[in-house]
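Peer 1: Build the 3D model from these lines:
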Amino acid sequence: GGGGEISFDAKGQRLSPEGGAVSFSSIRSRALLTMNMEAPEGWLIASRRAPHDLDNLMLDDLTQRTQVQYGIDHALIQGQCIDMDEREPPAGLQLELGDVSNPKLQDTLVMYNLGYFQLKANPGLLRLRVAPNRHGKIYRIEGAQTSNAGEEFRLVPVMGFKGTTQMITVRRR
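Peer 2: As a prediction, this is how the structure comes out:
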């Protein structure tokens, strides 16, 4: 179809040979350019194949059409964490994201600026917890579940590469 959409057949092959192609004809050839992808919020993408340094493209140096392949690496779990006792973000609080077999796939720190945090994730039913260090001795996540091993966590379903936003409240033990 038109309007920048890419169409696929039943086998997943692209129908339109020009789908995804972009051409620029009025750019100064000595301009230093950067090529990147504007992706939906919640996607972490990276180039998979690129014949050049995409942060330093000089049109004069390009002798032929340049093709770049991008891929989605992870979804982004982002959110806000608030200490309900202090009514402010628990700055520096370490959070961990994992699953049943590996409780620590990713970790992050809660920022003082609005209590913001972010973690990389792949689709699945994940567990978010306060790291089992000194932070875990001080804080607990409100409404957390407890595993058979006594670990407290909050379930975070990531239903694809759309990402998710979480509001986490913690209290002092």
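
Peer 1: okay, CA-based contacts and neighbour counts for the rest of this
Peer 2: Fine.

Peer 1: all strands in the protein, in order from the N-terminus.
Peer 2: Listed in chain order, the strands of the chain (DSSP state E) span 32-33, 43-49, 57-58, 69-83, 94-98, 106-109, 116-121, 124-130, 139-141, 145-146, 152-158, 164-172.

Peer 1: Quickly note the distance from Arg134 to Met111.
Peer 2: Separation of Arg134 from Met111 (C-alpha to C-alpha, to the nearest Å) stands at 17 Å.

Peer 1: Next: Asp60.
Peer 2: The gap separating Asp60 from Met111 is 43 Å, by C-alpha to C-alpha.

Peer 1: Where does pLDDT dip in this protein?
Peer 2: 1-8, 12-24 (pLDDT under 70).

Peer 1: Swap in 80 and give it another go.
Peer 2: 1-31, 59-66 (pLDDT under 80).

Peer 1: May I have the beta-bridge partners of the residue nearest to the spatial centre of it?
Peer 2: With the centre of the chain defined as its mean C-alpha position, the nearest residue by C-alpha atoms, centre = their mean is Leu76, 2.6 Å away. Beta-bridge partners for Leu76, by DSSP bridges, are Lys120.

Peer 1: Is it in contact with Phe117, as I believe?
Peer 2: No. At 10.3 Å, Leu76 does not count as touching Phe117 under the criterion of C-alpha atoms under 8 Å.

Peer 1: re the thing from before, can you pick out the residue with more neighbours from Asp60 and Met111?
Peer 2: More crowded of Asp60 and Met111, by other C-alpha atoms under 10 Å: Met111, with 18 against 11.

Peer 1: which ones are touching that one?
Peer 2: Pro89, Pro90, Ala91, Gly92, Phe117 (C-alpha atoms under 8 Å, 6 or more residues apart in numbering).
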